[in-house]
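Trainee: would you be able to build a 3D model of this:
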Amino acid sequence: MKSFLKSRSYGVACLRSSPVLVLTLVGGGVFGNPEPAIAQAIARAHAQWLPKCPALTRVVLPLFPIGELQPNIAHVLASH
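Mentor: So this is what the prediction gives:
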């Protein structure tokens with residue numbers, strides 16, 4: 001479900017030719033998703049949508065030191 005929501009966010013930004021997309025981690029843990037799965041869903045959406053959205057030049061993901069998510073996100077996103 002989380003992957004769908006992130007993909008949808010990219011899709012809307014692309015459709016609107018937005019130069020900036022701000023993603024959040026709000027709600028990710030509420031559904032019981034493990035932190036590495038959340039990071040992977042964001043990375044998959046980024047890899048899928050960024051090449052299709054030439055107007056999108058900046059994706060912002062505010063991170064706060066919660067659990068082990070910050071290192072997981074950095075590691076997963078660095079590989080994409």
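Trainee: going forward, measure contacts between C-alpha atoms and count neighbours the same way
Mentor: Fine.
Trainee: per-residue pLDDT, the residue nearest the centre of the chain?
Mentor: Among the residues of the chain, the one closest to the centroid is I42, at 3.2 Å (CA atoms, centre = their mean). Note on I42: pLDDT of 84.
Trainee: what's the answer for I73, then?
Mentor: Value listed for I73 in the pLDDT field: 64.
Trainee: now do the buried residues in the helix or strand harbouring A37.
Mentor: Element membership of A37 [criterion: DSSP states H and E] is helix 35-49. Buried positions in helix 35-49, judged by neighbour count with 16 or more other CA atoms under 10 Å: 35-46, 49.
Trainee: export the residues you listed to CSV and tack on distance to P19?
Mentor: Output for the buried residues of helix 35-49, formatted as CSV (distance: CA to CA, whole Å):
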residue, distance to P19
E35, 27
P36, 27
A37, 27
I38, 24
A39, 22
Q40, 23
A41, 21
I42, 18
A43, 18
R44, 19
A45, 16
H46, 14
W49, 13
